[in-house]
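Participant: pasting the structure only:
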């Protein structure tokens, strides 16, 4: 699944890497990007689940009235 604005792990890992003398800084930058993507994905999933829950509640209201 792809979500707009969130790079997948494979996309990040396949990027050309410029060689720099400080590998630790590069790793920290990549970790920060991955953490940001995880946070965006968590927000996206929470919104999706909230919408699904609301839709489910709307679908169940007519059934409860019939009972």
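Facilitator: That came in fine, so what should we check first? Every value quoted in this text rests on a predicted model; they were computed, and no experiment measured them.

Participant: Packing partners of the helix of greatest length in the chain?
Facilitator: As assigned by DSSP state H, the longest helix anywhere in the chain is helix 23-66. Contact here means 3 or more C-beta pairs under 8 Å, 6 or more residues apart in numbering; DSSP states H and E; on that basis helix 23-66 packs against helix 9-14. Where C-beta positions appear, they are placed from N, C-alpha and C, glycine not excepted.

Participant: from the chain's centre, how far out does the helix it packs on sit?
Facilitator: How far helix 9-14 lies from its chain's middle: 15 Å, per C-alpha atoms, centre = their mean, to the nearest Å.

Participant: now that helix: mean pLDDT?
Facilitator: Per-residue pLDDT over helix 9-14 has a mean of 78.

Participant: Kindly report the same for stretch 29-42.
Facilitator: 91.

Participant: from the chain's centre, how far out does the longest helix of the chain sit?
Facilitator: Distance, centroid of helix 23-66 to centroid of chain: 6 Å (C-alpha atoms, centre = their mean).

Participant: what's stretch 24-38 in contact with?
Facilitator: By C-beta atoms under 8 Å, 6 or more residues apart in numbering, the residues outside stretch 24-38 that reach it are 6-7, 9, 12, 17, 20.

Participant: separation between the most centrally placed residue in the chain and residue 16?
Facilitator: Nearest residue to the geometric centre of the chain (C-alpha atoms, centre = their mean): residue 41, 1.4 Å. Residue 41 is 24 Å from residue 16, where distance means C-beta to C-beta, to the nearest Å.

Participant: sorry, back to before: please tell me I have it right and the residue nearest to the centre of the chain contacts residue 3.
Facilitator: Yes. At 6.5 Å, residue 41 counts as touching residue 3 under the criterion of C-beta atoms under 8 Å.

Participant: In PyMOL, select just the buried ones from the contacts of stretch 24-38.
Facilitator: Here is the PyMOL selection string for the buried members of these, based on 16 or more other C-beta atoms under 10 Å:
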select buried, resi 7
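
Participant: possible to save the contacts of stretch 24-38 as JSON lines with distance to residue 29?
Facilitator: Compiled in JSON lines, the contacts of stretch 24-38 are given as follows (distance: C-beta to C-beta, whole Å):
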{"residue": "6", "distance to residue 29": "17"}
{"residue": "7", "distance to residue 29": "13"}
{"residue": "9", "distance to residue 29": "15"}
{"residue": "12", "distance to residue 29": "10"}
{"residue": "17", "distance to residue 29": "11"}
{"residue": "20", "distance to residue 29": "10"}
